[in-house]
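In: Could you look at this predicted model? Sequence included:
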Amino acid sequence: MSTRIVEWAALDGTRLAATVHEPDTTGDRADLPVLCLPGLTRNGRDFAVLAAALAGDPVRPRRVIAMDFRGRGLSGWADPATYRPDVEATDVIAGLDALGIAKAAVVGTSRGGIVTMVLAAAAGERIGPVVLNDIGPVIERAGLVAIRERMHLMLDARPASDWAEAVEELRATMGRAFTTLSDDDWMAVAEQLMRPDETGRPVLDYDPRLFDAFADFDPAVGIAPFWPAYEALDGRPLLVIRGENSDLLSEETVDEMLARLPHTDIWTVPGEGHAPLLRDGPTIAAIRAFLDGATVAAPPAHAVTP
């Protein structure tokens, strides 16, 4: 497997980027490339382990594209007013065009899953099988409040002096939701969320103005459900992943998602909250099994067996 960085320009000129994971051998011609879209404050590094597993699969290697939304990771910062799912969906289409990809399977984590639903409604012909990672059309208020508080704490805190301190700060803010991570896992999370500055100290790898997205958020009201966008996914294979400890995607919402789109497969990640890291072997195997089955005409089951 090899990796390369691809850049393109958004309609408003913002510089955008993705990491492309290329297999060493050609896979099944029926397999679509896999597009990975990260969460609100995350970036394409979140998918490094999953991408290596899919692109390096000895039987069915797949091309994997991990995009960075504007204001995150390798992409340029922009007007904070453009940090919206509809604009980000347009950026994704521009990226697919730049890469010459007519259609892709999609793995969308949190915000990336929302963008995926926007794409399904606005440009459904561009996406095939979909994996929604801990996101649905009903977003729990408690989860949104927790995200806002974590962002506020991390943006206002004194920058960590080294990576060990950064890891301890992450444990303090995320440890109750992620109860099974090893020391190496926590370091990986820190290295995904942060980047070294010119002195080598870890700093957040996103535009602080992303916090403006919560400027008008009223915890007492929350965000209205968007079932029509979810139902736009109908007609394609769908896997919903939920963290066992998630405070953003409830079990009740998952049940309703299954009721509305009965072809949906469900996978629960034990010991993880919002959003599952997609690093553990069983979850990667479940995603691989789902993608393998997505090109088969047989009707899908409601449980994924890796």
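Out: Sure, I can see it. Residues are numbered from 1 along each chain as shown.

In: can we go C-alpha only for contacts and neighbour counts from here?
Out: Fine.

In: Give me the residue at the spatial middle of the chain.
Out: By CA atoms, centre = their mean, the chain has its centre lying nearest to residue 109, at 2.3 Å.

In: and it, what are its bridge partners?
Out: residue 133 (DSSP bridges).

In: So that it lines up with my notes, have the first residue be 42 from now on.
Out: Okay, using 42 as the starting number, the last item reads as residue 150.

In: Next up, the contacts around it.
Out: Listed by CA atoms under 8 Å, 6 or more residues apart in numbering, the contact partners of residue 150 are 77, 78, 79, 80, 173, 174, 175, 176, 316.

In: Likewise for residue 75?
Out: Applying CA under 8 Å, 6+ apart, we find residue 75 in contact with 103, 104, 105, 106, 145, 146, 147, 148.

In: can the residues you listed go into TSV with extra columns for distance to residue 308?
Out: Below are those laid out as TSV (distance: CA to CA, whole Å):
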residue	distance to residue 308
103	21
104	23
105	21
106	23
145	21
146	17
147	16
148	13
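
In: Drop anything exposed from the residues you listed.
Out: Using 16 or more other CA atoms under 10 Å as the burial test, the contacts of residue 75 include 103, 104, 105, 106, 145, 146, 147, 148 as buried.

In: Now do the SS call for residue 282.
Out: With DSSP: H, G, I helix; E, B strand; the rest coil as the basis, residue 282 sits in strand.

In: count of neighbours near it?
Out: Other residues near residue 282 number 26, with proximity taken as other CA atoms under 10 Å.

In: same deal with residue 265?
Out: 9.

In: isn't it right up against residue 181?
Out: No - counting by CA atoms under 8 Å, residue 265 stays clear of residue 181, with 10.0 Å between them.

In: From the contacts of residue 75, which land in strands?
Out: Under the assignment DSSP state E, the contacts of residue 75 contribute 105, 106, 145, 146, 147, 148 to strands.

In: roughly how far apart are the third one and residue 77?
Out: In this structure, residue 145 lies at 10 Å from residue 77, with CA to CA, to the nearest Å as the measure.

In: Alpha carbons of the helix or strand that contains residue 226, in PDB - could you do that?
Out: Per DSSP states H and E, residue 226 falls inside helix 224-234. C-alpha atoms of helix 224-234 as PDB (Å, rounded to 0.1, in the frame of the first residue of the first chain):
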ATOM      1  CA  ASP A 224      -1.900   3.600  26.400                       C
ATOM      2  CA  ASP A 225      -1.000   3.200  22.700                       C
ATOM      3  CA  ASP A 226      -4.600   3.800  21.700                       C
ATOM      4  CA  TRP A 227      -4.700   7.100  23.700                       C
ATOM      5  CA  MET A 228      -1.500   8.300  22.100                       C
ATOM      6  CA  ALA A 229      -2.900   7.400  18.700                       C
ATOM      7  CA  VAL A 230      -6.000   9.500  19.500                       C
ATOM      8  CA  ALA A 231      -3.800  12.400  20.500                       C
ATOM      9  CA  GLU A 232      -1.800  12.200  17.300                       C
ATOM     10  CA  GLN A 233      -5.000  12.100  15.200                       C
ATOM     11  CA  LEU A 234      -6.600  15.100  16.900                       C
END
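
In: Sounds good, over and out.
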